[in-house]
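*Asks:* quick one, fold the following:
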Amino acid sequence: MKITVIGTGYQGLVVGSCFAESGHIVTCVDWDKERIALLKKGEIPIYEPGLSELVSRNIEEERLFFSDSLEEAVQNCLLVFLCMDPVISYSTIDDMVKPVLDIVKVIANVMTAYRIIVNKMTLPPGTADRIKDVMKQNTQHPFDVVVNPDFLKQGTAVDDFLRPDRVVVGCEEVRVQEIMKELYSPFLRTGKPLLMMSLRSAELSKYATVIMLAGRISIINEIADLCAVWSANISEVREAVGADSRIGQSFLFPGIGYGGIWIPRDVESCILFAKEKGISPYLFEAIQKVNEERCRKFLSMIMEHYQNNIEGKILTIWGASFKAKTDDIRGAPSVFIIEALLKKGARVRVFDPLAGPKLKERFGNKIEVASKQYPPLEGSEGLLVLTEWNEFRRPDYERMAQLMKERVIFDGRNLYTPKTIASYGFRYYSIGRPPVG
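*Replies:* Modelled structure (predicted):
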C-alpha cells in the first residue's frame, strides 16, 4: 500500500519507518525543510532505540521517503496517517483539536480521489466526527475516517509497534476494516488481538489506558508514603500486592512520579473533557495531584537531611531524562528538582547517558554536565538518582565512597538494596523504605 504519514516526530517517524519495514511505500511529511533535508540523508533529530537503523535501511531500500509538500504526498496514497506533534498547552478542547482540523482541511482540498484518514493522535472523543465534518465541507471526493490510537512508549517505541500487545481500530465500514487488518497483519502473527470498535470507543481506549497506568503509579506512591511513616518497606509490600493475580506487578514501582509530556497531558485532557460534559473527575484530579507532589516530597527529604541549608553544597545527579532509553527531558522530574536545587544555592552536577546535550540547552552554564558517570562524584556532598538507567543499578560502591566528600544517596527510583549500600558507609534514603546508614 502507499501511505502518507503527516508528522516526523516520535510518533510519525516510528509509524512511517515500521510500515515501510513491512514492505509498504511510505512518505513522511513535515513543513520543516531543514528537518526534511536531514531525514532524507538518514539523520534523525530524535533518539529512539532502533529507529535510526530502521529509517536508514528503508530509505536505502526506497520504501521510505520524506517530503515538505503535503499536496504531493496526499495525491499519491491510499491512507493518510495523522501523526503530528500535539498541542501541549491548551485551555479548551477546541484549542487541542483546531490544529488537526486545519491540517484535515488542507488534505480535503488537495486530495484527488478516495482516501482513508487515520488518526493516530491522542485526541478527545468526538474528534473523528469533527474530522468527518471538515472533510465533507471541503471535498467532493469519497473518504473514510479511522481512529487507530497509539500505544507506543518512548524508549521501546519501535519494538512496541513491531510487536504490539494489541491494535485498536475504530472504524464504521467493513471494507475499511479489512484494509486495516491487512495493514497490521505482519505485526500480529503471534496471535495478539486486533480490536475493532466504534470511533469514540477507540478514541477513549487510549485515555483509559493512560489513566489506569497513571493511577497505579500514584496509588503505589501513596502506599509508599504510608510505609514511610509506619516504618514498613514498600519493596516487601509491593511484592505481596503484585502477587495477587487481580493486580499484577506492572507499574507498581514507587518513585518521584511519572514524567514526560504525554501522560501528564493525557490525564489533564481527561479532566478537561470530563468537566466539559458535566462529570466531576475526582479520581483523575487526585491522580494528578499525587503525582505533582512526588518531587516536592523528594526535595523535602533532601532538605531535611541537610537541615534546610544546601547553599554552596555540591550535589550530583545521575539521570535526567524522564525515563531510561530516551534523551527527552520534557516534563522530567529532574528539571523540577534541578531548578529547585539551584534556587536554594546548590552547585549541581549531572550525568545522563543520553540527555547531556538537552541539559546544556536547557540550563547552560548553571549546572555542570558530565560526560562520564563517576567523575562528577569527586568532592560531592550528595548523590541523587533520578532515572532508572541500567548502568546505575550495579555501580562501584567502593569507588563512589572514595570519591564523595559526604556519603549520602537519595534514590528516587529505589534502585539499590539498603543493607548493601549501607555496608559501604553510605547514608541511604529511598522511597517508602526506612533510611539506613
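*Asks:* just after the one helix or strand residue 13 maps to, pick out the following helix or strand.
*Replies:* Element membership for residue 13 (DSSP states H and E) is helix 10-21. Sequence order places strand 25-29 as the next helix or strand after helix 10-21, per DSSP H and E.
*Asks:* and the helix or strand following that next one, what's its mean pLDDT?
*Replies:* The helix or strand immediately downstream of strand 25-29 is helix 33-40, counting by DSSP H and E. The average pLDDT for helix 33-40 rounds to 94.
*Asks:* likewise stretch 405-423?
*Replies:* Stretch 405-423 comes out with an average pLDDT of 97.
*Asks:* just the helices in the stretch 101-250 of the chain please.
*Replies:* For the stretch 101-250 of the chain, the helices defined by DSSP state H, counting those that start in this stretch occupy 127-138, 157-162, 174-184, 199-229, 234-242.
*Asks:* in JSON lines, list these along with mean neighbour count.
*Replies:* Where C-beta positions appear, they are placed from N, C-alpha and C, glycine not excepted. Formatted as JSON lines, those follow (neighbours: other C-beta atoms under 10 Å):
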{"stretch": "helix 127-138", "mean neighbour count": "18"}
{"stretch": "helix 157-162", "mean neighbour count": "19"}
{"stretch": "helix 174-184", "mean neighbour count": "15"}
{"stretch": "helix 199-229", "mean neighbour count": "19"}
{"stretch": "helix 234-242", "mean neighbour count": "16"}
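*Asks:* now those helices in JSON lines, with distance to residue 310 and mean pLDDT?
*Replies:* Below are those laid out as JSON lines (distance: least, C-beta to C-beta, whole Å; pLDDT from 0 to 100):
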{"stretch": "helix 127-138", "distance to residue 310": "47", "mean pLDDT": "98"}
{"stretch": "helix 157-162", "distance to residue 310": "37", "mean pLDDT": "96"}
{"stretch": "helix 174-184", "distance to residue 310": "52", "mean pLDDT": "98"}
{"stretch": "helix 199-229", "distance to residue 310": "21", "mean pLDDT": "97"}
{"stretch": "helix 234-242", "distance to residue 310": "26", "mean pLDDT": "96"}
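*Asks:* would TSV of those helices with distance to residue 60 be doable?
*Replies:* Listed next are these as TSV, based on distance: least, C-beta to C-beta, whole Å:
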stretch	distance to residue 60
helix 127-138	35
helix 157-162	17
helix 174-184	23
helix 199-229	33
helix 234-242	45
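*Asks:* tell me the SS of residue 321?
*Replies:* Assigned with DSSP: H, G, I helix; E, B strand; the rest coil, residue 321 falls in the coil class.
*Asks:* for it, grab phi and psi.
*Replies:* Backbone torsions for residue 321, taken as degrees, to the nearest 10, come to phi -60, psi 150.
*Asks:* so it sits against residue 354, correct?
*Replies:* Yes: in terms of C-beta atoms under 8 Å, residue 321 counts as a neighbour of residue 354; the distance is 6.3 Å.
*Asks:* tell me which of the two has more neighbours.
*Replies:* More neighbours surround residue 321 than the other of residue 321 and residue 354, with 27 against 17 (other C-beta atoms under 10 Å).
*Asks:* now that one. Nearest residue, chain neighbours left out?
*Replies:* residue 355 (4.5 Å; C-beta to C-beta, 6 or more residues apart in numbering).
*Asks:* next one: residue 169
*Replies:* Nearest to residue 169 is residue 180, by C-beta to C-beta, 6+ apart, at 4.8 Å.
*Asks:* got it, and residue 97?
*Replies:* In this structure, residue 97 finds its nearest non-sequential neighbour in residue 127, 5.5 Å apart by C-beta to C-beta, 6+ apart.
*Asks:* tell me the domain boundaries of the chain?
*Replies:* Using automatic domain parsing, the domain ranges for the chain come out as 2-197, 208-288, 293-429.
*Asks:* what would these look like in a markdown table with distance to residue 437?
*Replies:* Formatted as a markdown table, the domains of the chain follow (distance: least, C-beta to C-beta, whole Å):
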| stretch | distance to residue 437 |
| --- | --- |
| domain 2-197 | 32 |
| domain 208-288 | 16 |
| domain 293-429 | 4 |
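*Asks:* which SS state does residue 425 fall under?
*Replies:* coil.
*Asks:* quick one on the thing from earlier: any idea how far the residue nearest to residue 321 is from residue 370?
*Replies:* Counting by C-beta to C-beta, to the nearest Å, the gap from residue 355 to residue 370 is 11 Å.
*Asks:* give me the more crowded residue out of those two.
*Replies:* Legend: neighbour count by other C-beta under 10 Å for residue 355 and residue 370, higher for residue 355 (25 against 19).
*Asks:* pull the contacting residues for the more buried one.
*Replies:* Residue 355 makes contact with 320-321, 327-329, according to C-beta atoms under 8 Å, 6 or more residues apart in numbering.
*Asks:* could you confirm residue 394 falls within a helix?
*Replies:* No: secondary structure of residue 394 (three-state DSSP): coil, not part of a helix.
*Asks:* what about it, distance to residue 417?
*Replies:* 11 Å.
*Asks:* now residue 191
*Replies:* With the distance defined as C-beta to C-beta, residue 191 ends up 38 Å from residue 417.
*Asks:* looking at those two, which has the bigger crowd around it?
*Replies:* Neighbours per residue (other C-beta under 10 Å) separate residue 191 from residue 417, with residue 417 holding more: 14 against 5.
*Asks:* still on that earlier bit, shared neighbours, residue 321 and residue 354?
*Replies:* The contact sets of residue 321 and residue 354 overlap at residue 327 (C-beta under 8 Å, 6+ apart).
*Asks:* quick one on the thing from earlier: close enough to count as contact, the residue nearest to residue 97 and residue 100?
*Replies:* Yes: using C-beta under 8 Å, residue 127 is in contact with residue 100, at 7.1 Å.
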